[in-house]
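Trainee: Sequence first, predicted model second:
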Amino acid sequence: MILTPISPDRLDAVLTEFAARLVDRPRAAAAFARIAATWPVTPGTVDTPAQRAEAVALAHAFGINTLDQEPAVAFSWDGRRIRTRSEASVIVHEVAHWLLCAPERRPLPDFGLGAGPETGEKDLANAAFCVSEQERETEEILTSLLGILWEAELRQPAILACLEQNWLEGAHRASTVAFFADAIDTLYRASLIGDDGRPRVADARQKLRTAGVPPAPCAGKTLAVREEDPLGTNTKVVADTATPVVEAAKAA
């Protein structure tokens with residue numbers, strides 16, 4: 001939910017001012033430029049079938065299972081696959097969660113972070129919660145930004161998610177600009193994005209495989225999840241692993 005809406009006639013000026021405040025943070029400036037370039041948004045180009053297909057293809061590119069079903073049936077991420085009858089931006093956001101999540105938490109509903117907004121089995125998802133509130137907040141912040149950058153990479157209207165997730169709330173404040181730039185630097189140190197603000201794939205996966213960080217606090221936790229549907233025929237086998245972004249940044 002947008003805390004303080006920015007009217008379309010003001011947004012150009014806000015984007016210009018925010019970009020100017022990033023002049024001494026070139027990496028963040030490059031990332032922000034990619035997001036800002038998705039404005040203005042042409043009517044009829046938001047959450048199209050083609051964009052949803054691109055988001056699903058992004059999941060498959062990482063070897064992530066998908067299921068053509070509403071998240072309200074069970075979970076957005078049920079420990080094996082993303083349910084994809086959602087907006088394109090939501091699917092991309094779930095892919096970003098998968099990239100940032102500790103492999104030990106991937107078998108848990110909603111990645112062990114508690115129920116997501118579209119999840120139907122909220123009690124079960126909340127029962128799988130196994131990180132501190134601070135860890136959840138940090139991972140949600142970084143997932144938000146990484147998802148937005150992937151939307152920009154797919155040439156989807158990333159600016160809308162940027163606004164919806166309040167990255168421009170208080171855009172005139174130095175602390176808001178620094179918060180954005182610091183998050184970009186964290187994603188960079190984890191090799192999830194490059195100096196140009198673009199998400200990285202091969203390099204990120206290699207580094208995250210070899211970072212050698214300790215297991216997540218909830219390693220080994222299991223949860224009995226009710227299985228109500230078979231795997232779809234369009235699913236792919238989950239492959240590869242990732243490392244918690246904060247720990248990867250410490251290891252860099």
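Mentor: Here it is on my side, so go on.

Trainee: just how off-centre is stretch 103-121 within its chain?
Mentor: Centre-to-centre, stretch 103-121 and its host chain are 13 Å apart (Cα atoms, centre = their mean, to the nearest Å).

Trainee: Kindly report the same for stretch 67-78.
Mentor: The answer for stretch 67-78 is 17 Å, by Cα atoms, centre = their mean.

Trainee: I'd like the average pLDDT over that stretch.
Mentor: Mean pLDDT, stretch 67-78: 97.

Trainee: now the helices for the stretch 101-250 of the chain?
Mentor: Ranges of helices in the stretch 101-250 of the chain, per DSSP state H, counting those that start in this stretch, are 122-127, 133-153, 158-164, 174-189, 202-210, 245-251.

Trainee: who wins for proximity to residue 8 among these?
Mentor: When these are compared by Cβ to Cβ, helix 158-164 sits nearest residue 8, at 10.3 Å. No exception for glycine: its C-beta is placed from N, CA and C like everyone else's.

Trainee: quick revisit: redo the helices of the stretch 101-250 of the chain as CSV? Include mean neighbour count, mean pLDDT and distance to residue 84.
Mentor: Below are those laid out as CSV (neighbours: other Cβ atoms under 10 Å; pLDDT from 0 to 100; distance: least, Cβ to Cβ, whole Å):
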stretch, mean neighbour count, mean pLDDT, distance to residue 84
helix 122-127, 17, 97, 18
helix 133-153, 20, 97, 15
helix 158-164, 21, 98, 17
helix 174-189, 18, 97, 24
helix 202-210, 15, 44, 22
helix 245-251, 19, 35, 24
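
Trainee: quick one: which of these is nearest residue 78?
Mentor: helix 122-127 (9.1 Å).

Trainee: In terms of secondary structure, what does the closest one contact?
Mentor: With contacts defined as 3 or more Cβ pairs under 8 Å, 6 or more residues apart in numbering; DSSP states H and E, helix 122-127 has no helix or strand neighbours.

Trainee: got the CA coordinates for it in CSV?
Mentor: Extracted in CSV, the C-alpha atoms of helix 122-127 (Å, rounded to 0.1, in the frame of the first residue of the first chain):
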residue,chain,number,x,y,z
LYS,A,122,-2.0,-18.3,6.7
ASP,A,123,-1.9,-20.4,9.9
LEU,A,124,0.4,-23.0,8.4
ALA,A,125,2.6,-20.4,6.8
ASN,A,126,2.9,-18.5,10.1
ALA,A,127,3.7,-21.8,11.9
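
Trainee: close enough to count as contact, residue 200 and residue 192?
Mentor: Yes. Assessed by Cβ atoms under 8 Å, residue 200 is found in contact with residue 192 at 6.3 Å.

Trainee: Mind checking which of the two has more residues around it?
Mentor: More crowded of residue 200 and residue 192, by other Cβ atoms under 10 Å: residue 192, with 28 against 17.
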